[in-house]
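Participant: sequence isn't available, so here's the structure alone:
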């Protein structure tokens, strides 16, 4: 059965965490415990309270980008190695800190999957001393955040494979010749010219998916300015407000873009806030701008959320996983999980120091 790969940003490349565990769930492997975006840090209490430990805490406690209010990236728990028992080993996301000058000559990552439970991701950070540990964590803060964020999104993608909207998938296939998985709860739909929307239409906790296309004619397509202009023009026509003159627009000042890798191809990610002109409605959105080489057109897939009385992190991340399932015409990409990855800088440093 075909599955969708989930890749990190272009700054991240395949492989090369030192890995252990075969990543397969055995017959007697228990199901992991814990909530989504919850992480257990296994670390000596004294180290946890000193600058090196605070550096790791600050990384995990950093705000999720593109939300209208401050929301931490993860819910953080910690335990000492002595209390790291069989119950705690079942938690889905674990960071193990090992600082030992007799064992390590340089800081590095080590990764293991589904060791005690499934699905489970364990990231070990090893260093010879606290100073090098602190520096390594600060330099690679985005790698750590992205690693566990992507692990959670892969779990959502696994859920979507077995439980997604067949109607939306069929509609997107017929209109754009693309494959995509979105949650089955998105039952309200609207079709326009080269435009399709699906949403829950809920009063709060409202989740939405949009896909639209236009010809690829401008070399400046993959810029923030072009994206905002095109998005505003499309949304003005297709996402009107409650009264005449109201429509969805992009908050350009609160929008950030970056290049990422989706289905092994370049994409532009835009992340920020949307508002309804003339109204008080608004919320976060995430867009992927991709080139359909077969048809020389741009395909934009987007999720946006409206939830004025609730936290939005999990709503956004749950929907964002759908964007990574989108396959363009002619795609031959197959697979069932995100490849392990680290930054080129880490690999080059480690290679030079190891002499390999």
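Facilitator: Received it, and whenever you're ready, just let me know what you need. Since we're looking at a predicted model, the values are computed, not measured. Numbering: from 1, shown residues only.

Participant: now the helices for the stretch 251-356 of the chain?
Facilitator: In the stretch 251-356 of the chain, the helices defined using DSSP state H, counting those that start in this stretch lie at 313-323, 344-354.

Participant: average pLDDT for the first one?
Facilitator: Confidence over helix 313-323, taken as the mean pLDDT, stands at 95.

Participant: what helices or strands is it leaning on?
Facilitator: helix 141-162, strand 206-215, strand 282-292, strand 297-306 (3 or more CB pairs under 8 Å, 6 or more residues apart in numbering; DSSP states H and E). All C-beta atoms are positioned from the backbone trio N, CA, C, and that covers glycine.

Participant: could you dump these into CSV with mean pLDDT and distance to residue 194 added?
Facilitator: What follows is the helices and strands packed on helix 313-323, written out as CSV (pLDDT from 0 to 100; distance: least, CB to CB, whole Å):
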stretch, mean pLDDT, distance to residue 194
helix 141-162, 94, 24
strand 206-215, 97, 5
strand 282-292, 96, 12
strand 297-306, 97, 9
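
Participant: for these, give me CSV that also has distance to residue 34.
Facilitator: Shown next, in CSV, are the helices and strands packed on helix 313-323 (distance: least, CB to CB, whole Å):
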stretch, distance to residue 34
helix 141-162, 11
strand 206-215, 23
strand 282-292, 24
strand 297-306, 23
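
Participant: tell me which of those sits most buried.
Facilitator: Scoring these by mean neighbour count under mean count of other CB atoms under 10 Å gives strand 297-306 as the most buried, with a mean of 23.

Participant: go ahead and confirm residue 61 touches residue 76.
Facilitator: Yes: using CB atoms under 8 Å, residue 61 is in contact with residue 76, at 6.4 Å.

Participant: ok, residue 277 - contacts?
Facilitator: 241, 245-249 (CB atoms under 8 Å, 6 or more residues apart in numbering).

Participant: low-confidence ranges, the stretch 1-150 of the chain, go.
Facilitator: Counting by pLDDT under 70, the stretch 1-150 of the chain shows low-confidence ranges at 1-27.

Participant: please enumerate the strands of it.
Facilitator: 12-14, 18-20, 38-42, 75-79, 93-99, 108-113, 121-127 (DSSP state E, counting those that start in this stretch).

Participant: quick one: average confidence on the longest strand belonging to the chain?
Facilitator: Criterion DSSP state E: the longest strand present in the chain is strand 248-262. Taken as a whole, strand 248-262 has a mean pLDDT of 94.

Participant: which residues touch that strand?
Facilitator: 7-10, 12, 65-66, 222-224, 227-228, 231-232, 235-236, 239, 241, 266-277, 282, 288, 290, 323-324, 326.

Participant: stretch 45-58 now?
Facilitator: Residues contacting stretch 45-58 (CB under 8 Å, 6+ apart): 41, 43, 76, 78, 80, 95, 97, 99, 125, 130-131, 133-134, 137-138, 144.

Participant: now that stretch: buried residues?
Facilitator: Residues of stretch 45-58 classed as buried: 47-48, 52-53, 55-57 (neighbour count, 16 or more other CB atoms under 10 Å).

Participant: cool, stretch 170-180 as well?
Facilitator: Within stretch 170-180, the residues that count as buried by 16+ other CB under 10 Å are 171-172, 175-180.

Participant: among these, which lie within helices?
Facilitator: 171-172, 175-176 (DSSP state H).

Participant: TSV for the residues you listed, including distance to residue 37 and pLDDT?
Facilitator: Written out in TSV, the entries for those read as follows (distance: CB to CB, whole Å; pLDDT from 0 to 100):
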residue	distance to residue 37	pLDDT
171	31	97
172	28	98
175	33	98
176	31	98
